[in-house]
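Engineer: Let me see the structure of the following:
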Amino acid sequence: MAINPAKANDEEGEPTGTRPALGHTLPIGTRLRDYEITGLIDEGALGIVYLAWDHSLQRKVAVKEYMPASMASRVSGSASLIVDSDRRLDTFKAGLKSFVNEARLLARFDHPSLVKIYRFWEENGTAYMVMPFYEGPTLKAALAQLGHVPGEAELRTWLKPVLNAVTVLHDGEIWHQNIGPDSIMLTPVGPVLLGFASAEHAIAAMNHTPAAALKPGFAAIEQYGGVAETTRGPWTDLYALAAVIYAAITGDDPAPAADRLADDRLAPLSSIAAGLYSARFLAAIDTALAVQPERRPRDHLQFRALMGDIETPERLELAPPLDLMQEPFAGGVEGHREITVPDGPLPDAPTPAAAPALSVKTKAATRGAASESEAPRGGERATPSWMPAGQRSGAFGKRAAYGLVAATCALIGIAALALQFYTRQGSRAVLAAPPPAATAVVQPPVANASPAPASSAVLRQQTTVANLAAAAPGAAPVQRDAVVAPAARAAPSALSPAADLAAPTTPAERQARCLEILQKASLEPISQAETAFFKTECK
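Structural biologist: Numbers count the residues shown, from 1 in each chain. The predicted structure is shown next:
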C-alpha cells in the first residue's frame, strides 16, 4: 500500500508545486476484472458505489469500493490508492479489514430482503464488493415524500420482510447494529436491508470515538460502550426497528438512548397514537423501545408475539392504500424499471388488497380538524409535519388539532394544581399550632436506656400512637419517626451524589465515569446518584 509522497512533503513544509492532481473516483471505462465502470451511484465518506456492467453474465451490477476520503486518494487516471501519511496507515488497514470481513459475512446469507454479495476481492491497495443493482428510494426518502402519515398496513408491508431478514442474521448469531431509515431500500421487488457499515465502526474505534459511527436515535444504549463490556443481542436490532417505526409515525427521530438514560421523556406511541393504530402494534413498539435491554423482547419470536399476526393487521387506514410506500413492489407502478436481483426466481408480486369501507368514525379521524369541504381535491395529499415548511400545504392537520387539545388539557391541569396548592397553603396557616398533648404522647425513649425486646402488641400500640400523632394537625413527623423506627433517619448528605460519586478533577476522568455509567446501564439499573451525575456531567 503506497504512501502519498506529495502529501508527506506538505506535512514537512517542502515545495509541492509539481505534485500530480489527486482524485477519489475511478474514471468511466475502468475495468475491474469482469466489471466495467459505467457510472457513479453514490459517494460517501468511507466508500464509493459505482454502476458497472458484468461482461461475464451480461447484467448491471453495483460495485462498492473502500475509499476513506479523509485519509486516502488516488492519482488521476490511476486505480491504485495512496494513503496520505504513514501515521494513518494502521487506521486505513483496520477499516479495510472490516470492509472485507463484512463482504465475506454477507456472502454467507441469501435472503431477498438482505443485500446480496456476489463477489469481493482486494486489489489496487483497497477492496471491492459486487452487489445487485437495486433501484428505489430509501425508507427515509420515501417517508419525506409520502405526503401523509403512513397507516399500519403500510408500515407492516416493509416491516415484515425486513424483520425476516434480521431473523436470518440472528439465527446465524449476527447482530446488524446499523438499522435506520437510510439503511432500508424500497425496491420494486420488496424492501432490502443494506450492510453493517463495519468499516465506519472500525475506524471510529481506532480513533477512540465509537459513538461517532452510531445512528443517533436508532442505536441502543448497549452500543455506546465497548463490545466486551456490554450485552448486545437480538434485542439491540429490535430497538432499532422499533425506533424506525416511531420515526415513521411521529415524523421525528427518537431521542438518543444516552440522553434517555438520565431523563427519559420519550412519549410512548400507546398514548400519542392511540386509536390510529392497533393497540397491540403500538404496545409492541413501545416495549422494544425500552432503554434497559432486559425490558425489551429477547428475540424476534417474542416481538412477533407482542405484535400479533404481522401479516393480517387490523386495517386502520389514514390515507388511500396505494402510495409511494408500497407502489414500487405491490404491482402498482407502470413504466420501465430494471434491477439485478440475487440468483434465483423473483418472488411473485403480491396483489394489493382492496381497501374496506371506512366507518364514519374512521373517516372523521382521517379528516381531523378540516371539514369535508376543505379536504384535498384532485388527488392531493395532506403534507406531513416532518416536510420542509416550503412544501406544506397550509392545511390544519390532524396533529395540529391533537396538539391544541393536548395544550388545552395541560393548561387546565396546571390551573387545577395551582388552585389545590393555594388551598392547602391556606389550611396549613389556620392549623399552624399543634396540640401539646400530641407531642407529649410520642416522646422518644431515653437514649441511655437499654432496649428490651418488644412484643408485637407493643409495636402495634406504638405504631398506632404515631399514626394518631401524625393525623393531628401540625403534628411533628420527626417524633413519629422516633417511635416507629429511630434508626431509619439518615443525614440528608447520605443521599447526595457527592457522597456516592467522587467528583472528577479532569475531563478525562469525567469522560471515563460517563462511559462507565453507560456500560453499567446496559447490564443493570443505575442508582439515583449515578443518574444525577450523568445528567449534570455527561451532557
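Engineer: Need phi/psi at residue 293.
Structural biologist: Per-residue torsions, residue 293: phi -60, psi -40 (degrees, to the nearest 10).
Engineer: Could you check how many residues crowd around residue 54?
Structural biologist: 19 (other C-beta atoms under 10 Å). All C-beta spots, glycine's among them, are computed from the backbone N, C-alpha and C.
Engineer: Against residue 34, how distant is it?
Structural biologist: 6 Å (C-beta to C-beta, to the nearest Å).
Engineer: ok, now residue 202?
Structural biologist: Per C-beta to C-beta, residue 202 is found 28 Å from residue 34.
Engineer: now do residue 522
Structural biologist: Applying C-beta to C-beta to residue 522 and residue 34 gives a distance of 45 Å.
Engineer: what about residue 202 and residue 34, which has more around it?
Structural biologist: With neighbours defined as other C-beta under 10 Å, residue 202 and residue 34 compare such that residue 202 has more, 23 against 14.
Engineer: does the more buried one belong to a helix or a strand, and which?
Structural biologist: helix 198-206 (DSSP states H and E).
Engineer: Export only the CA atoms of the helix or strand following that helix, formatted as CSV.
Structural biologist: Once the chain leaves helix 198-206, the next helix or strand it forms, by DSSP H and E, is helix 234-250. Provided in CSV are the C-alpha atoms of helix 234-250 (Å, rounded to 0.1, in the frame of the first residue of the first chain):
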residue,chain,number,x,y,z
PRO,A,234,-31.3,-9.6,19.1
TRP,A,235,-32.8,-7.0,21.4
THR,A,236,-30.3,-4.5,20.0
ASP,A,237,-31.6,-4.7,16.5
LEU,A,238,-35.2,-4.8,17.7
TYR,A,239,-34.6,-1.5,19.4
ALA,A,240,-33.5,0.0,16.1
LEU,A,241,-36.5,-1.4,14.2
ALA,A,242,-38.9,0.0,16.8
ALA,A,243,-37.1,3.4,16.5
VAL,A,244,-37.7,3.4,12.8
ILE,A,245,-41.4,2.7,13.3
TYR,A,246,-41.5,5.5,15.9
ALA,A,247,-39.9,8.0,13.4
ALA,A,248,-42.3,6.9,10.6
ILE,A,249,-45.4,7.6,12.8
THR,A,250,-44.3,10.8,14.6
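Engineer: average pLDDT for helix 234-250?
Structural biologist: Taken as a whole, helix 234-250 has a mean pLDDT of 96.
Engineer: and that helix, what does it pack onto?
Structural biologist: Where contact means 3 or more C-beta pairs under 8 Å, 6 or more residues apart in numbering; DSSP states H and E, helix 234-250 is packed against helix 139-145, helix 152-171, helix 269-272, helix 279-288, helix 300-307.
Engineer: Select, out of those helices, the one closest to residue 109.
Structural biologist: For the helices and strands packed on helix 234-250, the distance to residue 109 is smallest for helix 152-171, at 5.8 Å, taking C-beta to C-beta.
Engineer: ok, then the element right after that closest one?
Structural biologist: Next along the chain from helix 152-171, counting by DSSP H and E, comes strand 184-187.
Engineer: What is the subsequent helix or strand relative to that following strand?
Structural biologist: Trace forward from strand 184-187 with DSSP H and E and the next one is strand 190-193.
Engineer: Identify the residues contacting that following strand?
Structural biologist: With contacts defined as C-beta atoms under 8 Å, 6 or more residues apart in numbering, strand 190-193 is touched by 112-115, 134, 139, 158, 161-162, 165-166, 176, 179, 183-185, 329, 347.
Engineer: quick one: contacts for the closest residue to residue 230 other than its chain neighbours?
Structural biologist: For residue 230, ignoring the flanking residues on the chain, the nearest one in space by C-beta to C-beta, 6 or more residues apart in numbering is residue 222 at 4.1 Å. Taking C-beta under 8 Å, 6+ apart, we find residue 222 in contact with 230-232, 236, 293, 522.
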